[in-house]
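Asker: Return a 3D structure for these sequence lines:
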Amino acid sequence: MLDGVGGETGRAAFEVTASGGRFSAHGAPGGGFTAVDPDEAERRGVTVTGIEQVQFAQPDARRLVERALAEAAAGRIRPLVGQTFPLERAAEAHAVMEARGAVGKTLLLP
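Answerer: So this is what the prediction gives:
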């Protein structure tokens, strides 16, 4: 189970993770990362991983960021811009994102 929401939704997702399954907590827009009782996970045989296990040490992170920026500058990496809004419609843009109606990145334009 991949938990990209956290909070109560993430907790509900953990509850339905099958015994012997895997639970991966990587999001917190639901109000914080999902709190998982390690004893409960162990009793059910659920392997729990989180975002902290995919973070890099500072030198590695810097090297990877520099490489990603070089690739972007060369035009080999491009973000998916799903929608744009003029700045005066920023509230509408936020509403679309909050309603999960946005695909890709949302840009505000001057």
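Asker: all helices of this structure, in order?
Answerer: With helices called from DSSP state H, the chain shows them at 7-15, 38-44, 58-73, 90-98.
Asker: G31: which of the ones you listed is closest?
Answerer: For G31, the closest of the helices of the chain is helix 7-15, at 3.7 Å, according to Cβ to Cβ. All C-beta atoms are positioned from the backbone trio N, CA, C, and that covers glycine.
Asker: Now tell me what touches the closest one from outside.
Answerer: Under the contact criterion Cβ atoms under 8 Å, 6 or more residues apart in numbering, helix 7-15 has outside partners 1, 3, 5, 23, 25, 27-36, 46.
Asker: ok, so of these, who is nearest A68?
Answerer: G27 (21.1 Å).
Asker: burial count for the nearest residue to that closest one once chain neighbours are set aside?
Answerer: Nearest in space to G27, with sequence neighbours left out and distances taken as Cβ to Cβ, 6 or more residues apart in numbering, is G4 at 3.6 Å. Neighbours of G4 under the rule other Cβ atoms under 10 Å: 14.
Asker: now do I51
Answerer: Neighbourhood size, I51 [other Cβ under 10 Å]: 13.
Asker: if I read this right, it contacts G4, doesn't it?
Answerer: No - assessed by Cβ atoms under 8 Å, I51 is found out of contact with G4, at 10.1 Å.
Asker: Who are the contact partners of the residue nearest in space to the middle of the chain?
Answerer: Central residue of the chain (Cα atoms, centre = their mean): G27, 4.6 Å from the mean position. Counting by Cβ under 8 Å, 6+ apart, G27 touches D3, G4, V5, G6, G10, F33.
Asker: coming back round to it: pull up the gap between the residue nearest to G27 and F33, please.
Answerer: As judged by Cβ to Cβ, to the nearest Å, G4 and F33 stand 11 Å apart.
Asker: Please apply the same query to G104.
Answerer: Taken as Cβ to Cβ, the span from G104 to F33 is 25 Å.
Asker: These two: which has the busier surroundings?
Answerer: F33 (18 against 10).
Asker: Check what pLDDT the more buried one gets.
Answerer: On the pLDDT scale, F33 is placed at 84.
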